[in-house]
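Trainee: Got a predicted structure plus its sequence, pasted below:
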Amino acid sequence: MFKKLLGKQINMDSQSLEERVALAKNEPIPAHVAIIMDGNGRWAKKRAMPRVAGHHEGMKTVRKVTRFASDLGIKVLTVYAFSTENWKRPKPEVDFLMRLPVEFLGSFLPEMMERNVRVEMIGDPSLLPAHTQKALYEAMEETKHNTGLILNFALNYGSRSEMVSAMRTMLQKVQDGQLTMQEITEECLTSHLMTAHLPEPDLLIRTSGEVRLSNFMLWQLAYTEFWFTNTLWPDFSEENLLEAVENYQKRNRRYGGLKGEGTT
């Protein structure tokens, strides 16, 4: 089981990437893939470079993975770009991270338009610098009518605060007579989350060998398949994403039932 989570795969060297993609498309493709992009700092350290160099290289990987995810037929790609806990990092690093969306969206937007990609965001934008907010809102506005892959940035996002906010909203509705206590169900809570309009993730990928969720989409990941890899995020390739999808396609998703197994 643990080897499965860590992405242990059979040798596929005899097949080209194109052949593997064609085979993968004959099986169910995960509609929503969520990625915890980890390892930028370690990538830079291994090369005696500053941490920000790793973040910049990681931004290039987001482009590459977005293109490939779109080509595979993935509908939603959520990337954990900046958590509510990341504000604890040194200010120069945080400042650099807040500039990355401006560069990324400014340079990648024309191609996203060509590829029919829609930009969305989950998280609290109010604490983001004005230039970061401006780049995000402009990209979301420009791409809002696109109907292809949704590239969903989790920025200043924390799952616990998201759930607390949803609960507060529901309790306020109860106080205002818009909702009864009996109407507060799992479905009701789900409808008050930032991801209410999106399918729950089918596949979670975390890079760099870490095996934890780090306050990321805790509610939404209840029945998600997990895939972990030792690959650092800047080194994550199209083949890595395909390997994760191939691994996902071998899973038996039972959702608490006995799908594919006997009942005796």
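Mentor: Now that the structure is in, tell me what you want to look at.
Trainee: my guess is R20 meets V245, correct?
Mentor: No: using Cβ atoms under 8 Å as the test, R20 is too far from V245 to be in contact (9.4 Å). For glycine as for every other residue, the C-beta is placed from the backbone atoms N, C-alpha and C.
Trainee: For this protein, give me the ranges with low pLDDT.
Mentor: Along the chain, segments meeting pLDDT under 70 span 1-13, 253-264.
Trainee: Quick one: the strands in it, in order.
Mentor: Remark: strands assigned in the chain by DSSP state E are 32-36, 76-83, 118-122, 150-157, 203-206, 225-228.
Trainee: Minimum distance to R63: which of those strands has it?
Mentor: strand 150-157 (10.0 Å; Cβ to Cβ).
Trainee: re earlier: neighbour count: R20 and V245, which is higher?
Mentor: More neighbours surround V245 than the other of R20 and V245, with 27 against 16 (other Cβ atoms under 10 Å).
Trainee: The nearest residue to the more buried one once chain neighbours are set aside: what's it in contact with?
Mentor: Once flanking residues are discounted, V245 sits nearest to A24: 5.7 Å by Cβ to Cβ, 6 or more residues apart in numbering. A24 sits next to L72, L242, V245, E246, Q249 when contact means Cβ atoms under 8 Å, 6 or more residues apart in numbering.
Trainee: what's the distance between the closest residue to P50 other than its chain neighbours and M112?
Mentor: Take P50 and drop its neighbours on the chain: the residue closest to it by Cβ to Cβ, 6+ apart is A44, 6.2 Å away. To M112, A44 is 27 Å away according to Cβ to Cβ, to the nearest Å.
Trainee: before we move on, what about V33?
Mentor: 17 Å.
Trainee: Hmm, E27 is touching Q249, no?
Mentor: Yes: using Cβ under 8 Å, E27 is in contact with Q249, at 4.4 Å.
Trainee: Show me which of the two is the more surrounded one.
Mentor: Legend: neighbour count by other Cβ under 10 Å for E27 and Q249, higher for Q249 (16 against 11).
Trainee: pull the CA atoms of stretch 139-158 into PDB?
Mentor: Provided in PDB are the C-alpha atoms of stretch 139-158 (Å, rounded to 0.1, in the frame of the first residue of the first chain):
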ATOM      1  CA  ALA A 139      -6.100  37.000 -15.600                       C
ATOM      2  CA  MET A 140      -9.400  35.700 -14.100                       C
ATOM      3  CA  GLU A 141     -11.400  38.400 -15.900                       C
ATOM      4  CA  GLU A 142      -9.600  37.800 -19.200                       C
ATOM      5  CA  THR A 143     -10.100  34.000 -19.100                       C
ATOM      6  CA  LYS A 144     -13.500  33.800 -17.500                       C
ATOM      7  CA  HIS A 145     -15.300  32.700 -20.600                       C
ATOM      8  CA  ASN A 146     -12.700  30.000 -21.400                       C
ATOM      9  CA  THR A 147     -14.100  26.500 -21.200                       C
ATOM     10  CA  GLY A 148     -11.000  24.300 -21.000                       C
ATOM     11  CA  LEU A 149      -8.800  23.400 -18.100                       C
ATOM     12  CA  ILE A 150      -9.300  25.400 -14.900                       C
ATOM     13  CA  LEU A 151      -6.000  26.400 -13.500                       C
ATOM     14  CA  ASN A 152      -6.900  27.000  -9.900                       C
ATOM     15  CA  PHE A 153      -4.300  28.800  -7.700                       C
ATOM     16  CA  ALA A 154      -4.400  28.200  -3.900                       C
ATOM     17  CA  LEU A 155      -2.900  31.500  -2.700                       C
ATOM     18  CA  ASN A 156      -3.000  32.600   0.900                       C
ATOM     19  CA  TYR A 157      -5.000  29.400   1.400                       C
ATOM     20  CA  GLY A 158      -5.400  27.300   4.500                       C
END
